[in-house]
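Chemist: what's the 3D shape of this:
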Amino acid sequence: MVYMLKEYRLKRGYSLEKLAEMSGISWRNLQRIENGKDKDAHFETIKKLIKILNIDDNDILKYIKN
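Modeler: Prediction:
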């Protein structure tokens with residue numbers, strides 16, 4: 001799931017710094033989340049990123065099924 005965050009960030013044209021500014025999460029933490037290195041990322045953090053990136057529920061389900 002977290003790997004799709006980078007894909008959508010890039011599709012939306014956001015840099016790590018821009019998404020960090022929009023979400024209130026440091027760009028280093030975002031990078032760790034995107035790379036799957038932050039296994040303890042809070043669900044609320046992931047939800048916030050999904051909302052900001054406007055990721056559709058159906059896209060999330062497709063990714064989870066794969």
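
Chemist: In the helix or strand hosting residue 29, which residues are buried?
Modeler: According to DSSP states H and E, residue 29 maps onto helix 27-34. Neighbour-count burial for helix 27-34, with 16 or more other CB atoms under 10 Å as criterion, is recorded at 29, 30, 32, 33, 34. The C-beta positions use only the backbone N, C-alpha and C, and glycine is treated the same way.

Chemist: and of these, the nearest to residue 3?
Modeler: Proximity of the buried residues of helix 27-34 to residue 3 (CB to CB) peaks at residue 34, which lies at 7.1 Å.

Chemist: hang on, isn't that closest one packed against residue 7?
Modeler: No. Residue 34 lies out of contact with residue 7 (CB atoms under 8 Å); the separation is 9.0 Å.

Chemist: can you put the buried residues of helix 27-34 in CSV and add distance to residue 53?
Modeler: Output for the buried residues of helix 27-34, formatted as CSV (distance: CB to CB, whole Å):
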residue, distance to residue 53
29, 16
30, 11
32, 17
33, 12
34, 11
